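J.: No letters, just coordinates:
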C-alpha cells in the first residue's frame, strides 16, 4: 500500500499539486490520466520520492529494501552504449558480477530481437529504439514498483503490443503506476484509473 496524505507541491508559489490524498494498492496497475499540464508527471515523481512535497507526505507499507524503477517521458541515458546503460541499471539495484550482468542483458535483448544494438551508442538509436531500451532498462532491475510516464510513445504497433503484454504480466504480483493519454491502453491494464485535473483528483 502507498498512502498519499494531503500532498501539495508548489513552484514559485504556484500550486502544481493541490492537497491530494490517495491510497494505492500494492499490486496491479494504477493509471493516471489527464490533459498536458494537469500535474500527472509531478504527482508520479512525488509518489516515487524523486521530489519532495511542499506539504503532506507519501508513505509506503513496503520494507526498507524495496526496489523501484522510473521511466521518464524524456529519455535520460548515460552517454554510452546500450550495454553500459543496461549494466548501470542492473548495478544500481542488484549485486551481479560483470559476466552475469552481460548474460542477463544479452538474453533480455535477444528476447525482444534487439541484440544487434548491444554495443551501439545510445545516440545512434531512433526514438522508438530508445523507448524500447528505456522499458527494458526499467524492467531489468526487477523492481517491486515501476513508475511509467507515457511508456508507449514512439513504439510501433508490434513493440507496443509486446511491451503491453509483458507489463500486464509483470503487474500480476508487482506494482505499476502508469501515465497515459490513451483510454484504450488504460483499460487494457486496469479499471483503477484516476483523472488528474489542475493538480487535483477529478
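T.: Noted; the coordinates are in hand. Computed from a predicted structure; not experimentally measured.

J.: any weak-confidence spans in the chain?
T.: 62-65, 93, 95 (pLDDT under 70).

J.: do you know how far the closest residue to residue 54 other than its chain neighbours is from residue 129?
T.: Closest residue to residue 54 apart from its sequence neighbours, by C-beta to C-beta, 6 or more residues apart in numbering: residue 10 at 4.5 Å. For glycine as for every other residue, the C-beta is placed from the backbone atoms N, C-alpha and C. Applying C-beta to C-beta, to the nearest Å, the value for residue 10 to residue 129 is 38 Å.

J.: For this structure, which segments count as strands?
T.: Secondary structure of the chain (DSSP state E): strands at 2-11, 14-24, 28-33, 55-60, 68-71, 145-149, 175-179, 193-197, 200-201.

J.: could the ones you listed go into TSV alongside distance to residue 134 and mean neighbour count?
T.: As requested, the strands of the chain are exported to TSV (distance: least, C-beta to C-beta, whole Å; neighbours: other C-beta atoms under 10 Å):
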stretch	distance to residue 134	mean neighbour count
strand 2-11	23	16
strand 14-24	23	16
strand 28-33	18	21
strand 55-60	24	14
strand 68-71	5	20
strand 145-149	9	23
strand 175-179	14	23
strand 193-197	23	16
strand 200-201	28	16
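
J.: now those in a markdown table, with distance to residue 125?
T.: Rendered in a markdown table, the data for those read as follows (distance: least, C-beta to C-beta, whole Å):
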| stretch | distance to residue 125 |
| --- | --- |
| strand 2-11 | 32 |
| strand 14-24 | 32 |
| strand 28-33 | 27 |
| strand 55-60 | 34 |
| strand 68-71 | 16 |
| strand 145-149 | 19 |
| strand 175-179 | 23 |
| strand 193-197 | 31 |
| strand 200-201 | 37 |
